[in-house]
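J.: Predicted model and sequence below, questions to follow.
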Amino acid sequence: MAADSKPISYSIVIPVFNEEAVLPVLLRRLDLLLTRLSGPAEAIFVDDGSSDSSPVVLQALAKRDPRFRYIGLSRNFGHQVAITAGMDATQGEAIIVMDADLQDPPEIVEQLIAKWQEGYDVVYARRLSRAGESRFKRATAHLFYRMLGSMSSVGIPADVGDFRLIDRKVLDALRQMPEQDRFVRGMIAWLGFRQTEVTFHRLERAAGETKYPLFKMVRLAMNAALGFSDAPLRLAIWCGLVVSGLALLYGGWVLALWMSNDSHLVAGWSSTIVIVSLLCGMNMLMTGIVGLYVGRIHGEVKRRPLYVVQKRLGFERDLAAPAH
Ligand code: UDP
Ligand code: MG
């Protein structure tokens, strides 16, 4: 330990959920990658409640080889929480998150690191194409990123998963965001700092099946939409305004009909229609207003920091200055 107790430069976080089929090839490729990297590196596997042999293999590896570490979660908490657990345990100056299935090619990691060395704090890997994924998955992913982009108030890059590198100072800021329903790529976009991208062609899964069934994808999309956009809330208030406005217009028209003593009118119809449509509009408007307050509560309970400081200058001088 003493000989190689240099501080760790790179930490690679890999969430693992029932990935025994892909582990042999992953470990080989990782080993190659770690030896190629320019500084001391660690690889942290987070076992997200696997029920296959992945934990056994990874634990044995962590005991045998000091570059590998293992964290076993007590059950399946989901991909986003797993990568959070892994990032929390890192020691490196640059933290890289990648999937276990080699869809995020380890070779790209070196390109991420090169950009980091140029001075960027966040380097994300953007997919130019996605091989071996169903038309449905590609289409929904495409739609998801476009919709999120137009709804969200922070610029969340399109076609970017969690495959990225972040500087330690970004991680320190990220750890001040204790929100429960996590959409990590959005949270990192929210944080800002100097961000850039590297592009790659996403490969097919090296082995095994996707661990993201439809319901997990829907949950991720919901977390993204609810955590990073208040467009749905604003929708309620706009609907309320439009319906109320239309109800007023319609009510006016019905009233005019009634006053013109149109003989086609059924007795009592005009008043009923006017009351019902007005109440409907009011109702929706009120729901929208309640929604705005709920939105504020939602903002508060996320407990995000108010701001994130990237740099401070000149404060040390103040401290060092004499009292008078
Ligand atoms: N994963 C996880 N917990 C889950 C689902 C997935 O840790 O509940 C891991 C999985 O082992 C993989 C990564 O998250 O390393 C991405 O999952 P997958 O490749 O199945 O997703 P896809 O590429 O199909 O979107
Ligand atoms: Mg995958």
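T.: Right, received. Where do you want to start? Ligands and ions are numbered 1, 2, ... in the order given.
J.: Next up, the contacts around the nearest residue to Ala224 once chain neighbours are set aside.
T.: Distance criterion CB to CB, 6 or more residues apart in numbering; nearest residue to Ala224, sequence neighbours excluded, is Phe183 at 4.4 Å. In this view, the C-beta of every residue, glycine as well, is placed from N, C-alpha and C. Counting by CB atoms under 8 Å, 6 or more residues apart in numbering, Phe183 makes contact with Gln80, Leu220, Asn223, Ala224, Gly227, Phe228.
J.: where does Phe183 fall, phi/psi-wise?
T.: Here the main-chain torsion angles of Phe183 (degrees, to the nearest 10) amount to phi -130, psi 90.
J.: Quick check, pLDDT for it.
T.: pLDDT for Phe183: 93.
J.: re the thing from before, between the contacts of Phe183, which has the most around it?
T.: Neighbour counts for the contacts of Phe183 (other CB atoms under 10 Å) peak at Ala224, which has 22 neighbours.
J.: How about the residues of the stretch 1-150 of the chain by ligand 1?
T.: 15-17, 19, 48, 76, 78-79, 82, 99-101, 103 (CB under 6 Å from any ligand atom).
J.: what about 5 Å?
T.: Counting by CB under 5 Å from any ligand atom, the stretch 1-150 of the chain comes close to ligand 1 at Pro15, Val16, Phe17, Glu19, Asp48, Gly78, His79, Ala82, Asp99, Ala100, Asp101.
J.: mind listing which of those are in helices?
T.: Mapping those onto helices (DSSP state H) picks out His79, Ala82.
J.: And the residues of the stretch 1-150 of the chain next to ligand 1, which is closest to Tyr293?
T.: Gly78 (29.4 Å; CB to CB).
J.: what does the model give that closest one for pLDDT?
T.: 93.
J.: could you redo the residues of the stretch 1-150 of the chain next to ligand 1 as TSV and give each row distance to Arg29 and neighbour count?
T.: What follows is these, written out as TSV (distance: CB to CB, whole Å; neighbours: other CB atoms under 10 Å):
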residue	distance to Arg29	neighbour count
Pro15	16	28
Val16	14	29
Phe17	19	22
Glu19	13	28
Asp48	20	26
Gly78	25	20
His79	20	21
Ala82	20	24
Asp99	12	22
Ala100	11	25
Asp101	11	22
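J.: contacts with ligand 2 among the residues of the stretch 1-150 of the chain next to ligand 1, please.
T.: Restricting those to those near ligand 2 by CB under 5 Å from the ion leaves Asp99, Asp101.
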